[in-house]
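*Asks:* sequence and computational prediction follow.
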Amino acid sequence: MKTMNTFVAALTAAVALGTTGLQAETLRLGDFQSTSHIVSIEGTSKWMAAVEEATGGEITFQHFPSQQAAKSKAQLDAVNNGILDAALLGTPYHADVLPLNSVVALPGYYGSAVEGTEALQSMLEEGPLREEILATGVTPIFGFVLPPYQVLAKSRLGAPADWNAQDIRTSGSTQAMTARALGGVGISIPGPEVYTAVERGRLDAVLFPLASVPGYKLNEVVSHISTNGSFGGYSFVMVVRSALFDSLPEDTQATLLKLGSETATHVAEVQDESVAGLIEEWKAEGIDTYTFTDEELAAISEQLTAVSTDWVERIGNDNAEAVLESYGALTRK
C-alpha cells in the first residue's frame, strides 16, 4: 500500500505541473541498463544531471536502473500506467507497438554510433518513427544507437557455413532475421541475462555492440570477437508520458529536448571512441579479435541482402518502405 501511495503521489504531482505552473518535481525514470553501463554513465545519468542543473532543481529524477521498476519489455507500459514518468526504451523490446522503429536493427546500414544516431535523431524529429512513438502515449525526447553489432562467440564465425545451426542471441525479431539468414537460430534474451546464457551453454554466439560488452562482462565468457561486421543496430529512445510533457512550460520542454540532443551526440561519440581501446584490452586477455576477410564479408553480405526486403513485407505497414528508404539515405547506404 505504501508503494502504491508513492506511485499515486508522484503521478498527482506530475499532473499538477500543468495546472499550477512549474514547481519542484521529481520524475520517476526507469531503464533496464545497469549504472555501470556506458549508456547509463554517458547517456541517461548525464542527461538527468544536465536537466537538473539547467532547471535549477525544478526538475529532478528518481532513477530506477537495472529493471528495478519494470522489466525491459515493460518499460513503456510502466510509463503509460503511471508507475514511471519517463523511461529509456530499448525499442526492439517494444517491436509489437513500435515495428517501424525496428528499422535500426537491419544489418549493413550505419557504420558508427555517431552516423546511426544522427539518422535516428533526424527521423525522431518528424515522420513515421516519431508518429509511431507518439501513438503509444509517450513523447520522444532523444534517441541514439549502439555501434554496429559484431558477433561474439565460442568459436570463430566467418563464412556463412560457420553459422549453421548456431544458437545466437539477438535483440528482437528483426535481428533474429539476420541470424536466420546466416543459417543460425535467433534467440531473444535480455542483455542482463546473456552472460549466464553463454556461460551455461544455452548460446553459442551473441550479436552485440562492442562498446556495451564491458557492461555485461561478456568478454569473460567468449573467446572470439569480430571487429568489422555490421549485423544491425540497436536504438534507445528516452520518452516522457505525453500528458506530462505537454503540461510543462514550453521553455522547459525546449530544455529537455536541447539537452537530449546534446546527450545523444555525446553518448554516440564516446561509444565509438571506446571501441579501439576495448579491442586492445581483449587482445591482451587472449581473446581472438578478428576482422572478416573480404571474401567472408562478401558472402555474408550476399546472405543478408534479403533481410531488408523481408522486413518491409513482415512489417506490413504502409510506411515501411518509405522508412527504409529514408534510413538508407541518412546512413549513406
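*Replies:* Nice, thanks for sending it over. Numbers count the residues shown, from 1 in each chain.
*Asks:* when you work out contacts or count neighbours from here on, use the C-alpha atoms and nothing else.
*Replies:* Will do.
*Asks:* quick one: secondary structure of residue 203?
*Replies:* coil (DSSP: H, G, I helix; E, B strand; the rest coil).
*Asks:* hang on, it packs against residue 197?
*Replies:* Yes. Using C-alpha atoms under 8 Å, residue 203 is in contact with residue 197, at 5.8 Å.
*Asks:* higher neighbour count, those two?
*Replies:* Using other C-alpha atoms under 10 Å as the criterion, residue 203 and residue 197 rank with residue 203 on top: 22 against 17.
*Asks:* residue contacts, the more buried one?
*Replies:* 166, 167, 168, 169, 197 (C-alpha atoms under 8 Å, 6 or more residues apart in numbering).
*Asks:* go again with 7 Å.
*Replies:* 167, 168, 169, 197 (C-alpha atoms under 7 Å, 6 or more residues apart in numbering).
*Asks:* so which of these sit within helices?
*Replies:* Members of the contacts of residue 203 lying in helices (criterion: DSSP state H): residue 197.
*Asks:* so what's the residue count around residue 231?
*Replies:* Counted with other C-alpha under 10 Å, the neighbours of residue 231 add up to 24.
*Asks:* quick one: it is in a strand?
*Replies:* No. The assignment for residue 231, made by three-state DSSP, is coil rather than a strand.
*Asks:* so for it, what's the pLDDT?
*Replies:* Note for residue 231: predicted pLDDT of 95.
*Asks:* so it sits right up against residue 108, yeah?
*Replies:* Yes. Counting by C-alpha atoms under 7 Å, residue 108 is a contact partner of residue 231 at 6.4 Å.
*Asks:* any shared contact partners between those two?
*Replies:* Common contact partners of residue 231 and residue 108 (C-alpha under 7 Å, 6+ apart): none.
*Asks:* for residue 68, helix, strand, or coil?
*Replies:* Under three-state DSSP, residue 68 comes out as coil.
*Asks:* in strands only, show me the contacts of residue 203.
*Replies:* 167, 168, 169 (DSSP state E).
*Asks:* ok, and the most crowded of the residues you listed?
*Replies:* residue 169 (29 neighbours).
*Asks:* residue ranges with poor pLDDT in the stretch 1-150 of the chain?
*Replies:* For the stretch 1-150 of the chain, the stretches flagged by pLDDT under 70 are 1-23.
*Asks:* show me where it has its helices.
*Replies:* 2-20, 38-39, 45-54, 75-80, 113-125, 128-134 (DSSP state H, counting those that start in this stretch).
*Asks:* surely residue 84 meets residue 75?
*Replies:* No. If you go by C-alpha under 7 Å, residue 84 and residue 75 don't touch, sitting 8.2 Å apart.
*Asks:* what is in contact with these two at once?
*Replies:* Contacts common to residue 84 and residue 75, judged by C-alpha under 7 Å, 6+ apart, are residue 30.
*Asks:* from residue 87, how far off is residue 74?
*Replies:* Taken as C-alpha to C-alpha, to the nearest Å, the spacing of residue 74 relative to residue 87 amounts to 10 Å.
*Asks:* please read the previous query as pertaining to residue 237.
*Replies:* 8 Å.
*Asks:* where does residue 239 land in three-state SS?
*Replies:* strand.
*Asks:* so what's the residue count around it?
*Replies:* Residue 239 is flanked by 24 other residues according to other C-alpha under 10 Å.
*Asks:* ok, now how distant is the nearest residue to it once chain neighbours are set aside from residue 242?
*Replies:* With C-alpha to C-alpha, 6 or more residues apart in numbering as the criterion, residue 239 has its nearest non-adjacent residue at 4.5 Å, and that residue is residue 140. Using C-alpha to C-alpha, residue 140 is found at 9 Å from residue 242.
*Asks:* who's more crowded, those two?
*Replies:* For residue 140 versus residue 242, the count of surrounding residues by other C-alpha under 10 Å is larger for residue 140: 26 against 19.
*Asks:* so who does the more buried one touch?
*Replies:* 133, 237, 238, 239, 240.
*Asks:* mind listing what the first one touches?
*Replies:* By that I understand residue 133. Neighbours of residue 133 in contact, by C-alpha under 7 Å, 6+ apart: 98, 139, 140.
*Asks:* now it: how far from residue 40?
*Replies:* Counting by C-alpha to C-alpha, the gap from residue 133 to residue 40 is 22 Å.
*Asks:* then residue 238?
*Replies:* Residue 238 is 12 Å from residue 40, by C-alpha to C-alpha.
*Asks:* same drill for these two, tell me which one is more crowded.
*Replies:* Using other C-alpha under 10 Å, the more surrounded residue of residue 238 and residue 40 is residue 238, with 25 against 20.
*Asks:* contact partners for the more buried one?
*Replies:* Here residue 238 is in contact with 87, 88, 89, 140, 141, 142, 143 (criterion: C-alpha under 7 Å, 6+ apart).
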